[in-house]
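Visitor: how would this look folded up:
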Amino acid sequence: MNYAEYIEINPEKRFGKPILIGTRISVYDVLSWLAEGMSMSDIISDFPELNEEQIKACLAYAADKEHKLRVVS
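Guide: Okay, the predicted model is just below:
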């Protein structure tokens, strides 16, 4: 998945945190909701502007960042 199609980093939005394009919802927000036990359906129900692809993009982004940290270490 090319998560760059869904995620942007803009210093003028959310202090430069990675967010879902067209929203002010950060990748961290989505990952936190998933970690707290919310399902994709729960998240979409609470935030109907989101879809499954955007949520998967957040997971892919996090996995890529973790992989890059391990490669550099």
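
Visitor: and the longest helix for this protein?
Guide: Longest helix in the chain by number of residues, with DSSP state H as the criterion: helix 52-72.

Visitor: I'd like to know how many residues surround residue 19.
Guide: 22 (other C-beta atoms under 10 Å). In this view, the C-beta of every residue, glycine as well, is placed from N, C-alpha and C.

Visitor: Got the phi and psi for the nearest residue to it once chain neighbours are set aside?
Guide: Nearest residue to residue 19, sequence neighbours excluded (C-beta to C-beta, 6 or more residues apart in numbering): residue 26, at 5.0 Å. With angles defined as degrees, to the nearest 10, residue 26 sits at phi -90, psi 160.

Visitor: Residue 26 reaches residue 17, doesn't it?
Guide: Yes - the pair residue 26 / residue 17 is scored as a contact, 4.7 Å apart, by C-beta atoms under 8 Å.

Visitor: Looking at the two, which one has more neighbours?
Guide: residue 26 (18 against 14).

Visitor: in this structure, what secondary structure element scores lowest on mean pLDDT?
Guide: Across the helices and strands of the chain, mean pLDDT, DSSP states H and E gives its lowest value to helix 52-72, namely a mean of 87.

Visitor: Quick one: neighbours of residue 57, just the number.
Guide: Residue 57 has 23 neighbouring residues, counting by other C-beta under 10 Å.

Visitor: show me the contacts for it.
Guide: 1, 3, 5, 6, 7, 20 (C-beta atoms under 8 Å, 6 or more residues apart in numbering).

Visitor: now do residue 63
Guide: The contact partners of residue 63, by C-beta under 8 Å, 6+ apart, come to none.

Visitor: so how far is residue 22 from it?
Guide: Distance, residue 63 to residue 22, by C-beta to C-beta, to the nearest Å: 22 Å.

Visitor: now residue 53
Guide: According to C-beta to C-beta, residue 53 and residue 22 sit 13 Å apart.
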